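Asks: 3D model of this:
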Amino acid sequence: MNSTQKRKKKQFFACLKKNVSFKEKTTGFEDVELVYQAIPEINKEDLDLRTNFLGKKFRAPILVNAMTGGFKEAEKINKDLAFACEKLGLGMCLGSQRAMIEDRGLSRTYKVRDVAPNIFLAGNIGIAQLNEFSLKEIEWALKEVKADALAIHLNAGQELIQKDKKINFMKRINEIRQLSSRLNKPVYVKEVGQGISKDVVRKLNKTKIAAIDVGGSGGTNWMKTDALVRGDPSWKTFEDFGIPTAWSLIEAKSATKKPLIASGGIRNGLDAVKAIALGADLVGIALPLLKESGKGRQAIVSCLNNFIEEMSITMVLINARNLKELKKKKPVILGKTRQWMQQRKLKLA
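Replies: I've put the predicted structure just below:
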């Protein structure tokens, strides 16, 4: 087992067994209030949660976000997650495929098309690997898992905590620009938990990426996770570092017209509806499903069904029949989120 495989396995079990969340920082959605309509004029069974993303149909705007791959136990977990997505008509992003490019025998731990032939499936590679792997290697990895798109994950904080080698942050936007222009699949970028600012989004607008996953803080903190894995006490310093998900979503929406995914600490359907009202096209969830994965496929399906049910109830209560109507429901912004918007000169799109 090489160093990448060992780290993937340790990260996985850290997420299952340790507190990998932010200490005090939240997602910011507690400051986002939807306006309740006491006399809704729709029935729950008439709701339409369907949407399209990068050319694929979703029965609900949910992406099961990147979790795992690259070690033995990941094979069953990925298949169970994908099975649930196929059953419910949702999308999925695989964990980083670095391990399978380094060791092609590990590709089986990422393959899910036998149980999920129709879902939107994104491959995944870290931005740090764009200058390590050739275009041909990345194309092979996507073809091997039959992916519809590639997610490039941004994890500068996590890289610095890992301390495996000298890190070169220079020219990374150019590497994204080159790959998004040359790859034969749509490319989107995703942060892993520290969020994306409007300043970064403006740089990404100059590339050919197709979408952005803001990956804000408030959920799993990968700086903390990797520090815990290494036994490095620096996690205490960075336990609350990052841009909360709601703030990052507002930042991104103010700076781009590209489709947006809101992920990072979204734990229920109410927050998912808030995210879409703020401008997200999809919401991404991961850790709650990872914790259900040990119970089998039906537990994952039940967790997702409950999430969709919560979204449906919320939409009835604010009188939104579909996602188009939902995006017209301007929420009320309070507290620290409002203060952030004022200082950053942000307005709801």
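
Asks: Which parts of this structure are strands?
Replies: All strands of the chain, identified by DSSP state E, fall at 32-33, 51-53, 56-58, 62-64, 91-93, 121-126, 149-154, 187-191, 211-213, 260-263, 282-285, 332-333.

Asks: Buried deepest among those, which one?
Replies: The highest average neighbour count among the strands of the chain, using mean count of other Cβ atoms under 10 Å, belongs to strand 260-263 at a mean of 29. (C-beta placed from N, C-alpha, C; glycine too.)

Asks: Mind giving me the packing neighbours of it?
Replies: Using 3 or more Cβ pairs under 8 Å, 6 or more residues apart in numbering; DSSP states H and E, the elements in contact with strand 260-263 are strand 187-191, strand 211-213, helix 245-255, helix 269-277, strand 282-285.

Asks: and the gap between Met114 and Ala84?
Replies: I think there's a mix-up here, since residue 114 is Asp and not Met. 15 Å (Cβ to Cβ, to the nearest Å).

Asks: which of these two has more neighbours?
Replies: Legend: neighbour count by other Cβ atoms under 10 Å for Asp114 and Ala84, higher for Ala84 (27 against 10).

Asks: Give me the nearest residue to the more buried one, chain neighbours excluded.
Replies: Nearest non-adjacent residue to Ala84, counting by Cβ to Cβ, 6 or more residues apart in numbering: Ile300, 4.3 Å away.

Asks: how much space between that neighbour and Arg338?
Replies: From Ile300 to Arg338 the distance is 36 Å (Cβ to Cβ).

Asks: tell me which residues of the one helix or strand in the chain whose mean pLDDT sits lowest are tucked away?
Replies: When the helices and strands of the chain are scored by mean pLDDT, DSSP states H and E, helix 3-17 comes last with a mean of 77. By neighbour count with 16 or more other Cβ atoms under 10 Å, helix 3-17 contains the buried residues 4-5, 7-12, 14-15.

Asks: Which strands or helices does it pack on?
Replies: The helices and strands touching helix 3-17, judged by 3+ Cβ pairs under 8 Å, 6+ apart, are helix 98-102, helix 222-230, helix 287-292.

Asks: of all those helices, which lies closest to Lys347?
Replies: Ranking the helices and strands packed on helix 3-17 by proximity to Lys347 (Cβ to Cβ) places helix 222-230 first, at 30.4 Å.

Asks: what's the offset of that closest one from the middle of its chain?
Replies: With Cα atoms, centre = their mean, to the nearest Å as the basis, helix 222-230 stands 19 Å off its chain's centre.

Asks: Tabulate the CA atom coordinates of that helix in PDB.
Replies: Extracted C-alpha coordinates of helix 222-230, given in PDB (Å, rounded to 0.1, in the frame of the first residue of the first chain):
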ATOM      1  CA  TRP A 222     -10.100  18.900   5.700                       C
ATOM      2  CA  MET A 223      -7.300  21.000   7.200                       C
ATOM      3  CA  LYS A 224      -8.400  19.600  10.600                       C
ATOM      4  CA  THR A 225      -8.900  16.100   9.200                       C
ATOM      5  CA  ASP A 226      -5.400  15.800   7.800                       C
ATOM      6  CA  ALA A 227      -3.800  17.400  10.800                       C
ATOM      7  CA  LEU A 228      -5.600  14.800  13.000                       C
ATOM      8  CA  VAL A 229      -4.400  12.000  10.700                       C
ATOM      9  CA  ARG A 230      -0.800  13.200  11.000                       C
END
